[in-house]
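[1] Compute the structure for the input listed below.
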Amino acid sequence: MAVGTETGADANAETITASVVGGSGFTGGELLRLLAGHPNVEISEVTSRSKAGKSVGSVHPPLRGSDLRFTEPDDLESVDVLFAATPHGVSMGRIDEFFEVADTVVDLSADFRLETEAQYDEWYDGHEAPEYLETAEYALPEINRENLAGADLIAGGGCNATATILGLYPLFEHGILEGSAERVVVDVKVGSSEGGAGGGEASSHPERSGVVRPYAPTGHRHEAEIEQFLGTSVAFTCHAVDMIRGASATSHVFPASPVSKGDLWQAYRGCYEDEPFVRMAAGGSGVYRYPEPKAVAGTNLGEVGFELDPSNERIVVFSAIDNMMKGSAGQAVHAANVALGLEETAGLEFTGLHPVGAP
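    Sure, this is the predicted structure:
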């Protein structure tokens with residue numbers, strides 16, 4: 001189902017109906033906040049098994065005053081688009097049911113991000129509906145816009161993978177690493193909201209405060225997405241740090257031939273100059289000289305930047321996002337806008353605040 005005539009062309013398109021399955025978590029709350037302010041969306045239903053009957057505003061303070069209440073997830077209403085903000089494994093088991101009630105399904109879990117059943121056998125615990133993997137489209141418009149237009153099944157990207165891919169994609173797209181061994185080392189630092197509303201002891205404030213804690217030195221599942229979309233292997237490590245929102249990736253790559261800053265600017269501008277949700281921050285002046293999660297908190301913006309080692313043998317790439325926005329709910333709404341032929345930036349215009357507290 002497509003509304004409007006072409007991607008980004010019809011901000012005055014007719015209203016579409018949307019439901020959010022699994023709306024009581026952090027990501028569900030962000031989705032509802034965005035959809036409530038979307039000029040073309042009417043929220044029909046918000047489900048939560050644990051919060052059924054309660055007002056949405058009692059769980060998500062930004063939505064106080066809303067008439068919406070959580071309903072049981074078993075009896076879904078028919079809508080134009082269904083957003084699934086459920087834990088991994090839920091959507092693959094209910095995907096047929098979702099398509100019975102919606103023409104377009106946007107899944108924010110890891111259930112449809114990878115392309116093959118073999119990948120799920122390797123990185124997860126298998127897959128219950130592998131026949132859908134070939135038709136699912138990755139939700140990051142910066143690398144998959146053409147295929148998202150008119151898509152029926154959209155798979156949201158992982159926040160760590162999104163930050164990393166945004167930072168490195170121009171180097172691969174413009175052949176900066178051509179002929180090299182493509183050694184890529186990535187260190188990502190993430191906030192506690194990545195663990196979700198039920199993140200447990202490791203995400204509680206007393207345990208998180210003041211830490212820079214490695215929690216996935218090797219084998220993080222988001223590696224599979226990075227390798228799938230960049231076509232290279234990565235040495236990938238995650239740290240939990242003392243912030244609530246945000247993912248910050250620092251990547252080290254080693255080109256086979258000398259590279260100039262002019263080459264790098266050409267590559268990054270070539271990929272992102274016309275992108276509404278990517279900003280460049282590469283040196284410059286002031287306090288925020290490089291990408292910073294605090295600078296994009298609450299927005300669907302991703303910041304990318306780089307620095308070239310004086311030896312010309314190493315490029316250090318920086319990228320930062322709000323993990324719940326560009327890394328989840330914002331990315332999902334952006335992708336849905338593209339798929340449904342709506343204005344790409346609809347519902348996502350917020351550009352952040354300064355000064356703010358820790359993101």
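
[2] and A155, how far is that from P141?
    As defined by Cβ to Cβ, to the nearest Å, A155 lies at a distance of 13 Å from P141. For every residue, glycine as well, the C-beta is placed using N, CA and C.

[3] out of these two, which sits in the busier spot?
    A155 (28 against 22; other Cβ atoms under 10 Å).

[4] gap between the closest residue to that one other than its chain neighbours and D152?
    Using Cβ to Cβ, 6 or more residues apart in numbering and skipping the chain neighbours, the partner closest in space to A155 is F112 (3.7 Å). Remark: distance between F112 and D152 (Cβ to Cβ) = 11 Å.

[5] intersection of neighbour lists for those two?
    Common contact partners of F112 and D152 (Cβ atoms under 8 Å, 6 or more residues apart in numbering): none.

[6] neighbour-wise, which of those two wins?
    Legend: neighbour count by other Cβ under 10 Å for F112 and D152, higher for F112 (28 against 15).

[7] check which helix or strand covers that one.
    According to DSSP states H and E, F112 maps onto no helix or strand at all.

[8] Contact partners for it?
    F112 makes contacts with 91-92, 132-133, 136, 153, 155, as judged by Cβ under 8 Å, 6+ apart.

[9] a markdown table for those residues, including pLDDT?
    Below are the contacts of F112 laid out as a markdown table (pLDDT from 0 to 100):
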| residue | pLDDT |
| --- | --- |
| S91 | 97 |
| M92 | 98 |
| Y132 | 98 |
| L133 | 98 |
| A136 | 98 |
| L153 | 98 |
| A155 | 98 |
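
[10] out of those residues, what pair is the most spread apart?
    Farthest pair in the contacts of F112 (Cβ to Cβ) is S91 and L133. Separation: 12.2 Å.

[11] who has more neighbours, these two?
    S91 (29 against 20).

[12] Now do the SS call for that one.
    helix (DSSP: H, G, I helix; E, B strand; the rest coil).

[13] That one touches F98, doesn't it?
    Yes - contact criterion Cβ atoms under 8 Å: S91 and F98 qualify, at 7.1 Å.

[14] Can you work out which residues contact both of these two?
    With Cβ under 8 Å, 6+ apart, S91 and F98 have common neighbours 84, 105.

[15] residue with max distance from the center of the protein?
    S311 (34.0 Å; Cα atoms, centre = their mean).

[16] tell me which element that one falls in.
    Using DSSP H and E, S311 sits in no helix or strand.

[17] same check, this time on S248
    Here S248, judged by DSSP H and E, is contained in strand 247-253.

[18] cool, A163 as well?
    helix 159-173.

[19] Please apply the same query to E307.
    Counting by DSSP H and E, the element that carries E307 is strand 302-308.

[20] okay, the angle between that strand and helix 159-173?
    Put simply, strand 302-308 runs at 50 degrees to helix 159-173, going by axes from the mean of the first three to the mean of the last three Cα atoms, to 10 degrees.

[21] Give the partner strands of strand 302-308 in its sheet and their orientations.
    Next to strand 302-308 in the sheet, as set by DSSP bridges, lie strand 278-280 (parallel), strand 315-321 (antiparallel).

[22] how close does E45 sit to E72?
    According to Cβ to Cβ, E45 stands 10 Å off from E72.

[23] Sounds good, over and out.
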